[in-house]
Structures are given as C-alpha cells and as structure tokens.
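K.L.:
Pasting the sequence and the predicted coordinates here, then a few questions.
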Amino acid sequence: MPRQLTPQTRDRLFPDGTAGRMAAASLTAALLCLSLSACVVEPARPAVVRVAPPPPQVEVVPAPRPGHVWEGGHWVWREGRYVWIPGHWRAVRVGYHWVPGHWAAHAGGWVWMEGHWAP
C-alpha cells in the first residue's frame, strides 16, 4: 500500500500549493472521462417516405475508368419531394465491391438504403 504524504512533506514538496491544483485537475479530468464514457449515440433511423420514388432516369454511362466504379444516379427525398442525383465515379477500394444504393419498401412506405462497399 502506498504511503500517504504528511501535510509537512506535501508543503515542503509543493510550497506554492500546486498539490491542490493538481488534485483538482485530476478530479476534473476523471469526471470528464466518466461523463463521456456514459454517452450512447443511437444510430439514425431511416426516414420512411410515404410516396414511392419515380422510376430511375435514363443515364448514359461513361466508358469504364480504370480504378473507379460507376455509381448510377438515384432519387433522394428532400423537402417533401424527390430530387434526382446524377451518377458519378467512385474510387475502387481494393478487396471490396460496390453495392449500389436502392429504395426499399418498409413500414408502409419507402426508405433509401445507402450504397456501400462490401468485402
């Protein structure tokens, strides 16, 4: 068991009162760490849109581009209406393949399932 400093030894080692400031700073840091460790962030739930998305627009897919994969255009729901996002190139991730995003029927409406890289 570690020995405790006597008040006389503490005053001799820390004559300017830094021991109290160090203890307060340590306590503050410990409390901050404890409060942050209790934070739980719930993942965002996808918004259910009650209106079915329109059919995809016809896009001219450019010629293949080395090191890239084409992500086709898609509809997004913004401010109460669908807005078309044109297709674009994504840099390839070695060892993964691109799974395109899509609209899926859910809970009496539609939700957008984000595209993602999968092994």
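P.N.:
Yep, it's here.

K.L.:
Need the three-state assignment for residue 8.
P.N.:
Of the three states, residue 8 takes helix according to DSSP: H, G, I helix; E, B strand; the rest coil.

K.L.:
residues touching it, list them.
P.N.:
With contacts defined as Cβ atoms under 8 Å, 6 or more residues apart in numbering, residue 8 has no neighbours. Glycine gets a C-beta too; all of them are placed from N, C-alpha and C.

K.L.:
what separates it from residue 16, distance-wise?
P.N.:
Distance of residue 8 to residue 16, given as Cβ to Cβ, to the nearest Å: 16 Å.

K.L.:
What of residue 70?
P.N.:
Where residue 16 is concerned, residue 70 sits at a distance of 67 Å (Cβ to Cβ).

K.L.:
what do you get for residue 107?
P.N.:
Counting by Cβ to Cβ, the gap from residue 107 to residue 16 is 65 Å.

K.L.:
isn't residue 61 right up against residue 89?
P.N.:
No - with contacts counted by Cβ atoms under 8 Å, residue 61 stays clear of residue 89, the gap being 10.4 Å.

K.L.:
Neighbour count: the two, which is higher?
P.N.:
residue 89 (13 against 9; other Cβ atoms under 10 Å).

K.L.:
and the more buried one, what element?
P.N.:
Using DSSP states H and E, residue 89 falls within strand 88-91.

K.L.:
Just checking: what are the partner strands of that strand?
P.N.:
strand 68-71 (antiparallel) (DSSP bridges).

K.L.:
any idea which helix or strand comes after the partner strand?
P.N.:
Downstream of strand 68-71 (by DSSP H and E), the next one is strand 74-78.
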